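Participant: starting from these lines, generate the structure:
(chains A and B)
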Amino acid sequence: MPYDSIVCVKQVPDTANITAEAMKEDGTVNRAALPAIFNPEDLRALETALQVRDQHGGTVTAISMGPPKAGEVLRECLYRGADRAILLTDRRAAASDTLATSYILAQAVQTIGRYDFVFCGRQAIDGDTAQVGPQMAEKLGIPQITYLEELVSLHDGVVQIRRNIGHGWEVVEARLPVLVTVIESANRPRPPAAKRVMRFKKARVEAEIAADVQREHPDGTDADRQAEVQRRAAAMKQAGLLMEQWSLDDIHADLSRCGLAGSPTKVFRVQAIVLTKQGYTEIPPTEEGIQRLIHELVVDRTLG
Amino acid sequence: MIEVNRQGEVWVYAEQEDGSLHDVALELCGKARDLADRLNVKVGAVLAGHGVRGLSERLIAQGADRVYVVDHPRLAHYQTSPYARVLTTLIEKHKPQIVIYGATALGRDLAPRVASAMRAGMTADCTDLEISDVTDPRAKTVHEKLLLQIRPAFGGNIIATIVNYDQWPQMATVREGVMPLKPPDPSRSGQVIDEHVEIDDTLLAIKLIRRHLEPRKVNLKGARVIVAGGGGVGSKENFRLIHELAGAIGGAVGASRAAVDSGFIGKEHQIGQTGTTVRPALYIAAGISGAVQHRAGMEESAKIIAINTDPAAPIFSVAHYGIVGDLKKVIPMMIKALKQRR
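Facilitator: Below you'll find the predicted structure:
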C-alpha cells in the first residue's frame, strides 16, 4: 500500500567546516562567509522518505521554513525526487525558538492534510537542539520515534524502526501516522538526478522571483515590479515550475504562538568563542625536556 | 506552562534504565542543590519506572530533599508519551520553578515533548547553569534570580545564554559529564513521596520489539588520565602508540572525531561535542588539531598536554603544556621517561 510522507528540511550555515577564511580577525566566526547547505540529517530524512515511496508508492512532500533563499534546499529536494515542495516564509516567524518553530511546522503539516509519516533530521547543525521533531509530534498528537538508523519493516500501516540510543539500539513498532527523526548514519543520500536537475533548476518560489525582479529592475515602480512578478509566476506555474510559498496566514497560525511572541526562551547574551593564545609552557621535543615534564607532573601529583 | 513561582522547587529528572540511575541524574542532583540553595528552595527528583523506589536513597544522598516516585508496570521500559505524561502531571501539580534533565538520548527525546505539552521553554544541551538577575533589554524590566541556561551553539563557535522570563518552568537539558559528580552524603535525609499518574492505553502507542545494549566498555568519564589521538596520528598502526602511552601512564584512550571517522578507533572513544565530555586530572592530546567541537569536550581538564607538529594548531590555545613535535618521536620518549620514573 502507498504511503505519503512529509519531510521537514532546513538550510543551515555550514558550521562543521569552518575554515580560516570564515574567521574574522578578532577570532570569531564570520557567518556571512559560511556556505549555506542542506542540513545533513534532513538529507537523510529525505532519503528515508524517498526509499519508502520507491518501495511502496505514495508521495513525498518537502517543506522548509526560512527566508526566500531556502528555496535552494527545496530545489535540492525536487532534484532528488520529491513530488512537491513548499516554502514557509514569513517575516513574522523570525526569531522563533524551537517551541514556536514546531508550532508553525505542525500547522503547515496539518494544512497539507493527509500523511502517514513526518520525517525530520534529528537536529540542525546550527543549533543542535534536536527539539523541533519531538515538539512537532506532540502538537500533531502522534507518536515520535527518534534517532532512526534503519527502517526495518513496513506492512499494513505498521512500521518497525531501529533506533540508535547511543549505547545500543532498539527496534520499536508503531502504527502510522508517526513522526520520525533520522540520524546521519541512517543512509547515504542519493545524488541529484541529472534529468530532474535539468527539469527543476528553474523552479522558484514567488519570493525568489520577486528578488530577481528587484535586482533586474531597481528603477521601476513597485506596481510595475509587482506586475512583472505576477506575470513570471503565472508563466512558471504554467510550466510546473512554481514552488508553493506559504505565509503564516495560509496555515491559519495563531500569531501569538509564532516568532518572538511565541518563544518562551530568549537569547540573553551571545559570546563568540575567541581563539586566544593563552600562555602555555612549551616543552622541547627532546628526551631531556620530556623527562622534565614527567617529573613536574609527578611533583605536582598529577601523576601518582 | 505555569506562572512564575518563586517558591517553586528545583527539579531533576532522575533518569534510570533497568533499575539503575544514570550518572547524569546524580551529577544534576548536585547542581540542583547549588541552584536551590541560591534560591532558598528545596530540590525535588522525579523518579519514574517500575520497581525503582529503592533508588530514592541515592538521590537524597546526592542532594535531593524530596523524591517523587511514580511506580507503574507500564513504565517498566522507557517510552516517550507515558513518561512525558508523568512529568507534565507532576509539574502541573507541584509547580517547580526549574526542571533539568540529562541531555542523553532519552532525555533529549523526553524533555522537548514535555515542553511542547506545557507550552513552556526548553534549552537543549546546556554546559552550565547559573542563577542571576536579568534585565529584559526590550521591556527594561528586571527579573530576579532567573536561571541562566548556557550552551554552545552554531557548531560550538558561540556560547549563548538563554533565559525564560515568564513561561515557566524554566527547563533545560544538561550534557553528561559537565557537572562534577559530588561524593554522596549518606547522612542527608529527605522525603520519598509516592505519586499516582494515570497511564492509559492511548499513551502506549510504541511497542518495544528488541533491544540491544552495549556495556559501556570505555570508562572515559571516570578516568583520571586520558590519552587521546587525532587525525594527525596518521594510521591505525600509529594509533597503537596512543594505547601504549595510555598503558604506561595508567589512563584511558580517547580520540577526536577525525580519528574515529578515519577508522583508527571506535566511536565509543570519541571525546567532544558529539562524543563524551571529560574532565580528567590529565589530558594528553596527540595529533589533535583541536577543533571547537573537540575542545568543548575536554577543555575543563585540570591539566592538558598538547603534542602537535603545527605550532598554530588551536589545541595549544587550551593547553597547559605544549610540545611542538612529531608524536611518533615524542610518545616513545614519554613512555621511556615514565618507565624511568619507577
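
Participant: low-scoring pLDDT stretches of the stretch 151-300 of chain A, where are they?
Facilitator: The stretch 151-300 of chain A contains residues with pLDDT under 70 at A:273-278.

Participant: can you show me the helices along it?
Facilitator: Applying DSSP state H, counting those that start in this stretch to the stretch 151-300 of chain A gives helices spanning A:194-200, A:206-216, A:222-238, A:287-299.

Participant: now these in JSON lines, with distance to A:Ile6 and mean neighbour count?
Facilitator: The way it works is simple: take the backbone N, C-alpha and C, and place the C-beta from them, glycine included. Shown next, in JSON lines, are these (distance: least, CB to CB, whole Å; neighbours: other CB atoms under 10 Å in any protein chain shown):
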{"stretch": "helix A:194-200", "distance to A:Ile6": "19", "mean neighbour count": "14"}
{"stretch": "helix A:206-216", "distance to A:Ile6": "21", "mean neighbour count": "17"}
{"stretch": "helix A:222-238", "distance to A:Ile6": "22", "mean neighbour count": "14"}
{"stretch": "helix A:287-299", "distance to A:Ile6": "57", "mean neighbour count": "16"}
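
Participant: the closest residue to B:Gly63 other than its chain neighbours and chain A: what is the separation?
Facilitator: Excluding its sequence neighbours, the residue lying closest to B:Gly63 (CB to CB, 6 or more residues apart in numbering or on different chains) is B:Arg33, at 3.4 Å. The gap separating B:Arg33 from chain A is 24 Å, by CB to the nearest CB, to the nearest Å.

Participant: can you tell which of the helices of the stretch 151-300 of chain A is closest to A:Tyr3?
Facilitator: helix A:194-200 (21.1 Å; CB to CB).

Participant: tell me the pLDDT of whatever residue of the stretch 101-250 of chain B ends up closest to chain A.
Facilitator: Using CB to the nearest CB, the single residue of the stretch 101-250 of chain B nearest to chain A is B:Gly155, 2.8 Å away. pLDDT for B:Gly155: 71.

Participant: how near is it to A:Glu184?
Facilitator: For B:Gly155, the distance to A:Glu184 equals 14 Å [CB to CB, to the nearest Å].

Participant: so which of these two has more stuff around it?
Facilitator: A count of neighbours by other CB atoms under 10 Å in any protein chain shown puts B:Gly155 above the other of B:Gly155 and A:Glu184, at 24 against 16.

Participant: which residues touch that one?
Facilitator: If you count contacts by CB atoms under 8 Å, 6 or more residues apart in numbering or on different chains, B:Gly155 has them with A:15-16, A:18, A:125-126, A:128, B:292-293.

Participant: lowest-confidence one in those residues?
Facilitator: On pLDDT alone, A:Ile18 ranks lowest of those, at 65.

Participant: where does residue 205 fall, phi/psi-wise?
Facilitator: I went with chain A, as the question did not name one. As for A:Val205, its main-chain torsions (degrees, to the nearest 10) stand at phi -90, psi 160.

Participant: tell me which of the helices of the stretch 151-300 of chain A lies nearest to B:Asp65.
Facilitator: Between the helices of the stretch 151-300 of chain A, helix A:287-299 lies closest to B:Asp65; by CB to CB that is 41.1 Å.

Participant: nearest to B:Asp125, of the contacts of B:Gly155?
Facilitator: For the contacts of B:Gly155, the nearest to B:Asp125 is A:Asp128 (6.4 Å; CB to CB).

Participant: for the closest one, which non-adjacent residue is spatially closest?
Facilitator: Once flanking residues are discounted, A:Asp128 sits nearest to B:Asp125: 6.4 Å by CB to CB, 6+ apart.

Participant: check A:Leu34 too.
Facilitator: Nearest in space to A:Leu34, with sequence neighbours left out and distances taken as CB to CB, 6+ apart, is A:Pro13 at 4.1 Å.

Participant: you'd agree that neighbour is up against A:Ala33?
Facilitator: No. Using CB atoms under 8 Å, A:Pro13 makes no contact with A:Ala33, being 9.3 Å away.

Participant: which of the two has more neighbours?
Facilitator: A:Pro13 (21 against 13).

Participant: could you list every helix and strand in contact with the strand or helix carrying B:Ile209?
Facilitator: Using DSSP states H and E, B:Ile209 sits within strand B:206-213. On a contact count with 3 or more CB pairs under 8 Å, 6 or more residues apart in numbering or on different chains; DSSP states H and E, strand B:206-213 meets strand A:168-175.

Participant: buried residues in the strand it packs on?
Facilitator: A:169-174 (16 or more other CB atoms under 10 Å in any protein chain shown).

Participant: what's the burial count for residue 7?
Facilitator: Just going to use chain A. Look at A:Val7: counted by other CB under 10 Å, it has 26 neighbours.

Participant: try again with chain B
Facilitator: Around B:Gln7 there are 10 residues (other CB under 10 Å).

Participant: now A:Ala100
Facilitator: 23.

Participant: now do the contacts for residue 77.
Facilitator: Went with chain A since none was named. Residues counted as contacts of A:Cys77 (CB under 8 Å, 6+ apart) are A:7, A:9, A:46, A:60, A:62, A:85.

Participant: not quite, I wanted chain B
Facilitator: Taking CB under 8 Å, 6+ apart as the definition, contacts of B:His77 comprise B:208, B:211.

Participant: please repeat the previous calculation with a cut-off of 7 Å.
Facilitator: By CB atoms under 7 Å, 6 or more residues apart in numbering or on different chains, B:His77 lies in contact with B:Leu208.

Participant: gap between the nearest residue to A:Arg232 once chain neighbours are set aside and B:Leu146?
Facilitator: Distance criterion CB to CB, 6+ apart; nearest residue to A:Arg232, sequence neighbours excluded, is A:Ile209 at 5.1 Å. Here A:Ile209 is placed at a distance of 45 Å from B:Leu146 (CB to CB).

Participant: over to A:Lys237?
Facilitator: With distances taken as CB to CB, A:Lys237 is found 50 Å from B:Leu146.

Participant: for residue 186, which non-adjacent residue is spatially closest?
Facilitator: In the absence of a named chain, this looks at chain A. With CB to CB, 6+ apart, the residue lying closest to A:Ala186 is A:Arg44, at 4.7 Å.

Participant: wait, chain B was what I had in mind.
Facilitator: Closest to B:Pro186 by CB to CB, 6+ apart is B:Ala61, at 5.3 Å.

Participant: for the one you found, phi and psi?
Facilitator: Here B:Ala61 shows phi and psi, under degrees, to the nearest 10, equal to phi -60, psi -30.

Participant: and for B:Gln149?
Facilitator: Phi and psi for B:Gln149, reported as degrees, to the nearest 10, are phi -110, psi 110.

Participant: that one touches B:Gly121, doesn't it?
Facilitator: No. Applying CB atoms under 7 Å as the test, B:Gln149 and B:Gly121 come out as separate, 8.6 Å apart.

Participant: cool, thanks, talk later.
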